[in-house]
Each structure stands twice: as structure tokens, then as C-alpha cells.
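A.B. asks: Sharing a sequence plus its predicted fold:
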Amino acid sequence: MLHLDKTKVDFLVTSSMIPEVETFIREGQPKIAGIAQKLAQQKIGRVYFVGCGSSKAVGAAAKYLIGKYSTLVSNVYTGWEFVDHTPRALDSSTAVVVISHSGTTEEVVQSLRKANQAGAVTISVVNKKEGNPLGEEAQFVIDYNAHAMWECHLLALYFLSLQWIREVEPSQEVEQILADIPKLPGVLAGHIDSFEEKALKLAESVSSWKGFYTVAAGPLVSLAYKEGVITNMEFMWGHGAVIESGEFRHGPLEIVEPGVPFVFLVGTDASRHITERALRFVKKYKGEHIVFDYQELSGGLHPDLAPMVMFVPLEWFSYYFAVARDHNPDDRRYYGVVEY
Ligand SMILES: O=P(O)(O)OC[C@H]1O[C@](O)(CO)[C@@H](O)[C@@H]1O
């Protein structure tokens, strides 16, 4: 087990998360409400979310919300797909939301420029407003000035999607999610304090794993991709893949046997039954497994806030999984180091 001073590990964002999230909720929500009102006034009916890695995974969460609670049309693209296979329906009735912490990722910058040229309404979600193309060239800029990028990205997209829906197709359910968001810092703080020890033990118990398959459905697919592929591969140097619970039967089930590792993210939304079904199968056929269950972690918050709430337990687990395998999650051998 690697001995690291965790206060010096950039990967861990738990120490600054609470004030950052509180500030963004207080200052970001009213600002984003103004953007949502403009989208409604301009009768925008379609939105594309564009990003890479973690910044793309959050787009899936926004697409889920928009599809579930409105008749607006939405899609998610990784940067190069948007540049190389630009959707034909890209015009002044379309919004393009580009997401990037740095605001400099090449293909996301190119996507923004294409969207601007096509006359779309462009919105960037970016850490800093100055010194990068996303902050300087989008029509609307949502900047968050924080390290806790997953939480701030999700908050930005939840506020944008839900407040836009509130304008065009209001519903009780959407109001309920929005009403629960201010309670988020308290629940996150509870997990920051209480989950570390548990995550350490959990990670030590599976330190022989070379990686794992992450299984999730509904609102948790975004987090499963972020943790199961991006964090697992880029930060932990483990093998990773995401399996949607509804797809588990259609291929993945044949590899279940002792020694094959799975991480289950179980939500309390309508898709809980199908994740539980996959979990039961893995238990029956003795696959190795860890379960993160929103029922035990939600703190009473809405089922669709699961990707924000469950990030903290997974962040602790990911950190200790890396450390237990003698790896510093800040180390890179290729990304930003060698030519790609
Ligand atoms: O959000 P940005 O600055 O565009 O960076 C994207 C990069 O960040 C990560 O999400 C995390 O390092 C990577 O997966 C991805 O390559």
C-alpha cells in the first residue's frame, strides 16, 4: 500500500467540495435560470451536449433528464464525433452545450466554433471564464471556478436542463428535484466524513483486482462511465468497462464466474429492478462484486440526484483502490506527457 499525503493529491477533491458546491448553488442557479429563460423565449427545441471523458459523461446525465421530463430533443457527442459527423439539424433553433474543465480540449473547441458558425445558441460549461476559448467564444458562459468538477458540471447541467423544462413543460417532479438540490452539500459532507474508512477497507479487500466491470442503469449510467472507465483507467490504471443493467443479459452474463469482478451502482429510480436482477445473477454464479446502493446513501434526496450523491463514496473508493494497488492517481505516463 502506497503511503501518500492525501492533502497533496490533486485527484481528491473532497476537501474543497462543500464550499465550492454551496457557492455554485447560490450563485450559479439564478444565472443559469436567466439562460434557461432565453432558451424558452427563443423557442429552442433541440440541444446537443459535447464534451470528452468526464466532461462527456455528464452530458449523458443531462440527456437522461431532458428525455424523461420533457419533449425537447437532445443528444450527447464526444468532441470528434460532433466535428466529424456534425448533426444536420444544427441551426438557430438548436442549443449546443460544450463542456470542458480546461476550456481548451481541441475537439471541444472545434465543436464550439462549428456551432457558432452554424448560428446555434452556444453555452459553455467551463472552470474559468478567461484565458480559454470556451470561456471567451461561447454566447453564454457558465463558469464555476472550482476543483470539484464532477459536482459542478452536473449542477450546471441539472440547473440548465431542469430550469429550461420548468419554463416550457413544468411538472411537480422537476420542482421536487430542484427543491432537493440545496440539501446536497449536507449529504455530501456526511459522506466525505463517514465513507473514507469504509472505502479503505473495501479497497483493501479487492486490491488484487486488475480492474472491474461497472454495472448501472438510468441516472447512474453517467457516473458509472465516469468512475468505471475514466477514473478506473486514467487515474487508477485499472481495466474498466461499463455495462448498462438492461444489457447485462445480452452478452455480459456469459463471463460471470468466480474471480470476475463487478461494481454495482444500484439506484432507487424505476430501473432499480433490472440492476438488482443482474446483481442477483452475479451473486448466484459467484462473480466477485461490490455494491454501492443509493437506498443507503441518498440521505432522502430525489432518485435522480444519485450521480451527484454517490460520487463521494466512489471517489473515496477509487482513491483507496489506487493506493492499495501502489499507484498514485495523479501519475500519468501518456496523457499530456507524450504526443497523441
Ligand atoms: O474537461 P476537459 O478539460 O476538456 O478535459 C477532458 C479530460 O479530462 C478528463 O475527463 C479527466 O482527466 C479526461 O477523461 C479527459 O481526457
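C.D. replies: Looks like it arrived, so ask away. Residues are numbered from 1 along each chain as shown.
A.B. asks: Count the residues that sit near the residue in the stretch 201-340 of the chain positioned nearest to the ligand.
C.D. replies: Nearest residue of the stretch 201-340 of the chain to the ligand: Ile230, at 4.5 Å (Cβ to the nearest ligand atom). Backbone N, C-alpha and C define where each C-beta goes, glycine included. Burial of Ile230 is recorded as 20 neighbouring residues (other Cβ atoms under 10 Å).
A.B. asks: Report the separation between it and Ile99.
C.D. replies: Spatial separation of Ile230 from Ile99 under the definition Cβ to Cβ, to the nearest Å is 13 Å.
A.B. asks: Please look at Met17 and Val187 and confirm they touch.
C.D. replies: No - with contacts defined as Cβ atoms under 8 Å, Met17 does not count as touching Val187, sitting 11.7 Å away.
A.B. asks: Compare neighbour counts for those two and give me the winner.
C.D. replies: Met17 (24 against 19).
A.B. asks: and the stretch 101-250 of the chain, which residues reach the ligand?
C.D. replies: Residues of the stretch 101-250 of the chain lying near the ligand by Cβ under 6 Å from any ligand atom: 101-102, 105, 108, 230, 234.
A.B. asks: residue ranges with poor pLDDT in the protein?
C.D. replies: Applying pLDDT under 70 to the chain flags no residue at all.
A.B. asks: quick revisit: most neighbours, which of the residues of the stretch 101-250 of the chain next to the ligand?
C.D. replies: In terms of neighbour count, Val108 stands highest of these at 29 neighbours, by other Cβ under 10 Å.
A.B. asks: what helix or strand is the spatially most central residue of the chain on?
C.D. replies: The C-alpha lying nearest the average C-alpha coordinate of the chain belongs to Val58 (Cα atoms, centre = their mean; 3.9 Å). The secondary structure element spanning Val58 is helix 54-69 (assigned by DSSP states H and E).
A.B. asks: Now that helix: buried residues?
C.D. replies: The neighbour-count criterion (16 or more other Cβ atoms under 10 Å) identifies 54-66, 68-69 as the buried residues of helix 54-69.
A.B. asks: Looking at those residues, spot the one nearest Gln41.
C.D. replies: Each of these was checked against Gln41 using Cβ to Cβ; the closest is Ile66, at 18.0 Å.
A.B. asks: show me the contacts for the nearest residue to that closest one once chain neighbours are set aside.
C.D. replies: Closest residue to Ile66 in three dimensions, ignoring its sequence neighbours and counting by Cβ to Cβ, 6 or more residues apart in numbering: Ser74, at 4.3 Å. The neighbours of Ser74, taking Cβ atoms under 8 Å, 6 or more residues apart in numbering as the test, are 46-49, 62-63, 66-67.
A.B. asks: Then Tyr48?
C.D. replies: Contact analysis of Tyr48 by Cβ under 8 Å, 6+ apart lists 74-77, 82, 87, 90, 94-97, 115.
A.B. asks: Could you verify that Asp193 is part of a helix?
C.D. replies: Yes - counting by DSSP: H, G, I helix; E, B strand; the rest coil, one finds Asp193 located in a helix.
A.B. asks: so what's it up against?
C.D. replies: Asp193 makes contact with no residue under the criterion Cβ under 8 Å, 6+ apart.
A.B. asks: give me that answer again for 10 Å
C.D. replies: Asp193 makes contacts with 14, 312, as judged by Cβ atoms under 10 Å, 6 or more residues apart in numbering.
A.B. asks: Overlap in contacts, Met17 and Val187.
C.D. replies: Val312.
A.B. asks: what do Ile230 and Ile99 both touch?
C.D. replies: A shared contact of Ile230 and Ile99, defined by Cβ under 10 Å, 6+ apart, is any residue touching both; here these are 52, 54-57.
A.B. asks: so the residue of the stretch 201-340 of the chain closest to the ligand touches Val58, yeah?
C.D. replies: No - counting by Cβ atoms under 10 Å, Ile230 stays clear of Val58, with 11.1 Å between them.
A.B. asks: anything in contact with each of the two?
C.D. replies: Common neighbours of Ile230 and Val58 (Cβ under 10 Å, 6+ apart) are Trp150.
A.B. asks: just to revisit the earlier point, nearest spatial neighbour of the residue nearest to the centre of the chain, skipping sequence neighbours?
C.D. replies: Counting by Cβ to Cβ, 6+ apart, the nearest residue to Val58 once its immediate chain neighbours are dropped is His153, at 4.3 Å.
A.B. asks: what about the closest residue to Arg166 other than its chain neighbours, neighbour count?
C.D. replies: Using Cβ to Cβ, 6+ apart and skipping the chain neighbours, the partner closest in space to Arg166 is Val174 (5.8 Å). Neighbours of Val174 under the rule other Cβ under 10 Å: 21.
A.B. asks: Same question for Ala241.
C.D. replies: Counted with other Cβ under 10 Å, the burial measure for Ala241 works out to 16 neighbours.
A.B. asks: Sheet partners, orientation included, of the helix or strand containing it?
C.D. replies: Assigned by DSSP H and E, Ala241 falls within strand 239-244. Sheet neighbours of strand 239-244, with direction, are listed as strand 211-216 (parallel) (DSSP bridges).
A.B. asks: Nice, that's everything, thank you.
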